[in-house]
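Q: just coords:
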């Protein structure tokens with residue numbers, strides 16, 4: 001039995017004062033291959049070439065497939081489903097904010113591991129004396 005790889009879940013962060021400031025959006029990580037595909041699709045958004053509509057749809061669908069949860073609501077307080085349909089009900093700029101926060105999260109390196117051990121002092125005991133071993137009789 002091999003080692004199971006558990007996909008990372010990212011809690012996305014948004015700029016202060018943005019429409020999504022304070023929202024909680026959780027999205028799973030993706031494989032390296034999928035990340036490269038998503039980054040290529042995101043680049044299309046900047047150039048808006050001939051295939052822009054297809055690429056935008058593919059990018060938004062890729063994101064929607066990785067959604068874990070969110071706390072987004074309509075103005076009147078109705079929860080927006082955390083699904084492909086729910087994502088497509090959002091304004092374009094909001095979805096782009098989620099896409100780029102997700103890409104940034106997936107590309108980022110993990111933070112520091114935390115404080116190092118405070119118990120790393122040297123032992124008070126003197127070192128154990130070491131001496132050469134006698135040659136092995138099998139080698140003689």
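A: Great, that's in hand. Just so we're clear, the structure is a prediction, and the values are computed from it rather than from any experiment. Numbers count the residues shown, from 1 in each chain.
Q: tell me which helix or strand in the protein has the weakest average pLDDT.
A: Lowest by mean pLDDT, DSSP states H and E among the helices and strands of the chain is helix 32-47, with a mean of 80.
Q: Three-state assignment for the most centrally placed residue in the chain, please.
A: Per C-alpha atoms, centre = their mean, the C-alpha nearest to the average position across the chain is that of residue 106, at 3.5 Å. Three-state assignment for residue 106 (DSSP: H, G, I helix; E, B strand; the rest coil): helix.
Q: show me the shaky parts of this protein.
A: Across the chain, the ranges flagged by pLDDT under 70 are 45-52, 109-140.
Q: 50 - rerun?
A: Judged by pLDDT under 50, the chain has no weakly predicted residues.
Q: which strands or helices does the least confident helix or strand of the chain pack on?
A: helix 52-66, helix 92-107 (3 or more C-beta pairs under 8 Å, 6 or more residues apart in numbering; DSSP states H and E). Where C-beta positions appear, they are placed from N, C-alpha and C, glycine not excepted.
Q: now for the residue nearest to the centre of the chain: which residues touch it?
A: For residue 106, the contact set (C-beta atoms under 8 Å, 6 or more residues apart in numbering) comprises 10, 29, 30, 35.
Q: mind running it again at 6 Å?
A: 29, 35 (C-beta atoms under 6 Å, 6 or more residues apart in numbering).
Q: now the closest residue to residue 34 other than its chain neighbours: how far from residue 22?
A: Of all residues not flanking residue 34 in the chain, residue 62 sits nearest, at 6.9 Å (C-beta to C-beta, 6 or more residues apart in numbering). According to C-beta to C-beta, to the nearest Å, residue 62 stands 25 Å off from residue 22.
Q: for these two, indicate the residue with more neighbours.
A: residue 62 (18 against 9; other C-beta atoms under 10 Å).
Q: quick one: the more buried one from residue 39, how far?
A: In terms of C-beta to C-beta, residue 62 sits 11 Å off from residue 39.
Q: ok, residue 21 next?
A: Counting by C-beta to C-beta, the gap from residue 21 to residue 39 is 25 Å.
Q: can you check residue 28 too?
A: 16 Å.
Q: for residue 104, same thing?
A: Taking C-beta to C-beta, one finds residue 104 at 11 Å from residue 39.
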